[in-house]
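# Give me a model of this one.
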Amino acid sequence: MSAAAKELAQTQAAGIRLLTWDEPEYPQRLREIYDPPPLLYVRGNIELLNRHLISIVGSRRPTPYGNQMAEELSRDLADIW
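Prediction:
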């Protein structure tokens, strides 16, 4: 099995949809930035992608403090909305 086929099988098993920038559900705001990601991994209600959103981008290897702060910040932001 190729690496791409394995990745696709794993995402499908996890309930994740791969969304490319040529699909109508791709977020319009992302299309407008300089270098939009060509592929999004989406889990959950895909219709929410074109609403007002806040993204948290961090390190692949965060410190324990970084993890804690990201959790607290995202929880607080979710409570506001």
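# how is the chain carved up into domains?
Domain assignment for the chain by automatic domain parsing gives 1-46, 51-81.
# mean pLDDT lowest for which of those?
Mean pLDDT values for the domains of the chain show the minimum at domain 51-81, a mean of 85.
# which residues of the chain fall in helices?
3-13, 28-31, 64-80 (DSSP state H).
# Just put the ones you listed in CSV and tack on mean neighbour count and distance to N50.
Bear in mind the C-beta positions are built from the backbone N, C-alpha and C, glycine included. Below are the helices of the chain laid out as CSV (neighbours: other Cβ atoms under 10 Å; distance: least, Cβ to Cβ, whole Å):
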stretch, mean neighbour count, distance to N50
helix 3-13, 11, 21
helix 28-31, 12, 6
helix 64-80, 10, 18
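# show me what contacts P36?
Contacts for P36 (Cβ atoms under 8 Å, 6 or more residues apart in numbering) come out as 21, 30.
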